[in-house]
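In: Kindly return the folded structure for what I paste below:
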Amino acid sequence: GNTYIYGKIDQFEKVGYLMTFDGGGDTLISQGETKTISAIIKDGYGLDVTNLFTDWTIVRNTGNTALDNIWNAQATINNGVFNITWSNSKDDLGGNNLALFTVTANKGSETVSGTLQI
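Out: Residues are numbered from 1 along each chain as shown. Prediction:
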């Protein structure tokens, strides 16, 4: 038989936003290196809408709450871009060589977040 559809079909808008991370090819970091990471937000159509989001925050979790709280108070992220350094003078991984970073951004009342393990 024939099928007739009336109205608006809207299946992609409701997918919401997805945050991914770009570390310039990978998110591996070696001793003495600084890695620039970009958080990228895409809409349900796969379009980059990162520039529509504001109020970026980044939180580190290494399992050492005291050191993480100090790091989180000093951390900076600018329009989704942040640096992770692992050196003798600065260790953003908290001495564990492994850290979980949670990035959050807002667009009006909408919030999107993503996690990155380095």
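In: quick one: the residue lying closest to Tyr17 once chain neighbours are set aside from Asn96, how far?
Out: Once flanking residues are discounted, Tyr17 sits nearest to Val112: 4.3 Å by C-beta to C-beta, 6 or more residues apart in numbering. Bear in mind the C-beta positions are built from the backbone N, C-alpha and C, glycine included. Val112 sits 27 Å away from Asn96, going by C-beta to C-beta, to the nearest Å.
In: quick one: which of these two has more around it?
Out: Using other C-beta atoms under 10 Å, the more surrounded residue of Val112 and Asn96 is Val112, with 20 against 11.
In: contacts for the lengthiest strand in the chain?
Out: Counting by DSSP state E, the longest strand found in the chain is strand 33-42. Outside strand 33-42, the residues that touch it by C-beta atoms under 8 Å, 6 or more residues apart in numbering are 17-24, 27-29, 48-50, 52-53, 56, 77, 80-87, 101, 103, 105, 112, 114, 116, 118.
In: before we move on, what about stretch 70-87?
Out: The contact list for stretch 70-87, computed with C-beta under 8 Å, 6+ apart, reads 29-41, 50-51, 53, 56-60, 91-94, 97, 101, 103, 105, 118.
In: Show me the helices in the protein, by range?
Out: For the chain, applying DSSP state H gives helices covering 65-74.
In: which regions of the chain lie under the pLDDT threshold?
Out: 9-14 (pLDDT under 70).
In: Let me know the outermost residue of it.
Out: Gly1 (48.4 Å; C-alpha atoms, centre = their mean).
In: ok so, going back, how much space between the residue nearest to Tyr17 and Gly44?
Out: Distance, Val112 to Gly44, using C-beta to C-beta: 12 Å.
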